[in-house]
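Q: Okay, here's the prediction I keep looking at, along with the sequence it came from:
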Amino acid sequence: MATMELKVEGMTCEHCVRAATAALQAVPGVEKVEVRLPDFARVEGSADLSALQAALREEGYTAEQR
Ligand SMILES: [Cu+2]
């Protein structure tokens, strides 16, 4: 089990939080997700950073590791 913290660009409201949370939860290996405005995400599990970034990019957000 690893924890990764991301800085997410592009979230502006609770809709974004829900969309980003759902996108991250759908990545294989992800077990727990916490997303907060304005730009915070924490992911627990075994997913690759690149897979998390790709999932967020599909929703219109960009992310890098904190
Ligand atoms: Cu929004």
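A: On my side now, so go ahead.
Q: For this protein, which segments count as strands?
A: For the chain, the strands defined by DSSP state E occupy 2-9, 30-36, 40-45, 62-65.
Q: export the ones you listed to TSV and tack on mean neighbour count and mean pLDDT?
A: Using the backbone N, CA and C atoms, a C-beta is placed for each residue, glycine as well. Below are these laid out as TSV (neighbours: other C-beta atoms under 10 Å; pLDDT from 0 to 100):
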stretch	mean neighbour count	mean pLDDT
strand 2-9	15	96
strand 30-36	16	98
strand 40-45	19	98
strand 62-65	14	97
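Q: need the ones you listed in JSON lines with distance to the ion, can you?
A: Output for the strands of the chain, formatted as JSON lines (distance: least, C-beta to the ion, whole Å):
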{"stretch": "strand 2-9", "distance to the ion": "11"}
{"stretch": "strand 30-36", "distance to the ion": "11"}
{"stretch": "strand 40-45", "distance to the ion": "14"}
{"stretch": "strand 62-65", "distance to the ion": "15"}
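Q: Point to the residue nearest the middle of this protein.
A: Against the mean C-alpha coordinate of the chain, by C-alpha atoms, centre = their mean, the closest residue is L24 at 4.7 Å.
Q: excluding its backbone neighbours, what's nearest it?
A: V33 (4.5 Å; C-beta to C-beta, 6 or more residues apart in numbering).
Q: which residues touch the one you found?
A: Going by C-beta atoms under 8 Å, 6 or more residues apart in numbering, V33 touches T21, L24, Q25, A41, R42, V43, E44.
Q: Could I get the strands of the chain in a markdown table, plus columns for distance to A55?
A: Listed next are these as a markdown table, based on distance: least, C-beta to C-beta, whole Å:
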| stretch | distance to A55 |
| --- | --- |
| strand 2-9 | 11 |
| strand 30-36 | 9 |
| strand 40-45 | 10 |
| strand 62-65 | 9 |
